[in-house]
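Novice: here are the coordinates; sequence isn't available:
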Ligand SMILES: Cc1cc2nc3c(=O)[nH]c(=O)nc-3n(C[C@H](O)[C@H](O)[C@H](O)COP(=O)(O)OP(=O)(O)OC[C@H]3O[C@@H](n4cnc5c(N)ncnc54)[C@H](O)[C@@H]3O)c2cc1C
């Protein structure tokens, strides 16, 4: 349908103040932080204020076969939030924390609530929502649910699929049907688990307007050690040794030496970078702080660490800049590429995972691939759960480099699959990993799973208007 007609229809349907069609503004919603962007700008951006608005919108999309692209803060790194020619639906005006029930162990939040906002509300009650993507200051509940996001605490708490109890969703059908699925109890059997289907579905099955999320008490104390290792292999062995000793880290993250150096410089952290960095936090009772810290430092040194910085609380770790270095991973990849002479680089971030016992092999093989393709590739990630983010900054306008980057990207996925891992742990399939998903399913002899997924897509979204072109 012509742009003017769609805009006029949307204004009539929702009110003029909820529709933006000015092209220079609409363009701002067409790009992800990695540099991935829409070929042509969307027709308009709409800002629903409640489930009723979304319902009207999706009934309209169904009737007129207009594609709709749900968006939180557009921080996806897989292309899942890149729109096409259709209507972007932003959750920016759906930002209430509706209910906190500590005794029942859940919070109900609208889709546009930022993860950090959620945690501010919960901290007042001594609780937290433990899934913490490094983008948590802007990442939304709806975006995190639909990306199946994880984060630094994934080593202990897993990802969104472990923390979503129920969802209020709207379907792209004749009436824009709105319904609650799932429960407000941890134990819940409602036939097939539709909640888990929506988690990680990247806006392709239904629009999420509210989520019932599990919560957990804030830990009494968190001790942290930041250690430097002469080699990535020693670092990976240390990570495995900690797990084998029966300690379940609260956070276990790593970055190679180059990334650490650039990130430490950029954040002004007061540490001397002496190799690859392993960051380990463990949550303990207050009485156990000194004992755990001594054990951790000793274990890291015995595993080959040349220097170890410690903090007795999360606050002290923040003050010393221990976490900031790790949080600066993504900008560090860009800064490093610039140092290597790449102007205004785009960034590809891989998101593979391997079982932790295969980490040493995975790190060795993946770092070799950067050299093989002559790329300024770096590596870091959530080593505690085996989730690696090999990354590269490159010039997207040079077809020769782009070709090498694509081969590197595919080879990294091949390594993960061969070692019994997966091509995507938390960023999702989006546009970037569709081939990877097929490779992984083929390696398992599960090609049929793709057909089943396409049937599921048709059952939820018969006219294919929800975030078309993503996942399958
Ligand atoms: C610096 C940086 C660090 C990051 N660190 C991490 C990390 O540690 N762990 C991690 O998992 N990810 C990380 N990410 C990726 C991303 O930030 C997270 O996946 C985040 O949860 C996405 O939230 P968002 O609000 O930006 O969602 P968006 O990017 O806007 O959307 C993501 C997907 O969800 C869909 N969607 C959004 N809202 C809805 C809704 N209401 N209903 C239906 N579909 C919807 C979109 O269509 C899209 O497919 C990082 C990104 C950056 C830029």
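Specialist: Structure's in. What do you need? Because the structure is predicted, anything quoted here is derived from the model rather than measured.

Novice: Please count neighbours and contacts with C-alpha atoms only from this point.
Specialist: OK.

Novice: in the stretch 1-150 of the chain, which spans are helices?
Specialist: Here the stretch 1-150 of the chain has its helices, by DSSP state H, counting those that start in this stretch, at 3-14, 23-26, 51-64, 115-123, 141-147.

Novice: Is the ligand within reach of the longest one?
Specialist: No - using CA under 6 Å from any ligand atom, helix 51-64 never reaches the ligand; the gap is at least 9.7 Å.

Novice: Retrieve the pLDDT associated with the residue of the stretch 301-450 of the chain found nearest the ligand.
Specialist: Nearest residue of the stretch 301-450 of the chain to the ligand, counting by CA to the nearest ligand atom: residue 426, 4.3 Å away. Residue 426 carries a pLDDT value of 94.

Novice: Might you report the residue contacts of it?
Specialist: 147-150, 159, 351 (CA atoms under 8 Å, 6 or more residues apart in numbering).

Novice: quick revisit: just put the helices of the stretch 1-150 of the chain in CSV and tack on mean pLDDT, mean neighbour count and distance to residue 280.
Specialist: Listed next are the helices of the stretch 1-150 of the chain as CSV, based on pLDDT from 0 to 100; neighbours: other CA atoms under 10 Å; distance: least, CA to CA, whole Å:
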stretch, mean pLDDT, mean neighbour count, distance to residue 280
helix 3-14, 96, 16, 49
helix 23-26, 94, 13, 42
helix 51-64, 98, 21, 41
helix 115-123, 97, 19, 22
helix 141-147, 98, 30, 24
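
Novice: Throw those into TSV and include distance to residue 346, thanks.
Specialist: Shown next, in TSV, are those (distance: least, CA to CA, whole Å):
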stretch	distance to residue 346
helix 3-14	30
helix 23-26	21
helix 51-64	33
helix 115-123	26
helix 141-147	21
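
Novice: Could you pull out the buried residues of stretch 92-100?
Specialist: For stretch 92-100, a neighbour-count test (16 or more other CA atoms under 10 Å) marks 92-97, 100 as buried.

Novice: Identify the residues contacting residue 183.
Specialist: 165-166, 212.

Novice: Near the ligand, which residues of the stretch 301-450 of the chain are found?
Specialist: Near the ligand, when you scan the stretch 301-450 of the chain using CA under 6 Å from any ligand atom, you find 330, 426-427.

Novice: 8 Å instead, please
Specialist: Those residues of the stretch 301-450 of the chain that sit near the ligand, judged by CA under 8 Å from any ligand atom, are 327-331, 425-428, 430.

Novice: Which among those residues count as buried?
Specialist: 327-331, 425-428, 430.

Novice: thinking again about what came up before, quick check: the farthest pair among the contacts of residue 426?
Specialist: 159 and 351 (13.6 Å; CA to CA).

Novice: what about the nearest residue to residue 20 once chain neighbours are set aside, neighbour count?
Specialist: Counting by CA to CA, 6 or more residues apart in numbering, residue 45 is the residue found nearest to residue 20 once chain neighbours are left out, at 5.2 Å. Using other CA atoms under 10 Å, residue 45 is surrounded by 28 other residues.

Novice: So for residue 45, what's the pLDDT?
Specialist: 98.

Novice: show me the residues around it that make contact.
Specialist: Contacts of residue 45 (CA under 8 Å, 6+ apart): 19-21, 26, 29, 87-90.

Novice: And it, how close does it get to residue 88?
Specialist: Separation of residue 45 from residue 88 (CA to CA, to the nearest Å): 5 Å.
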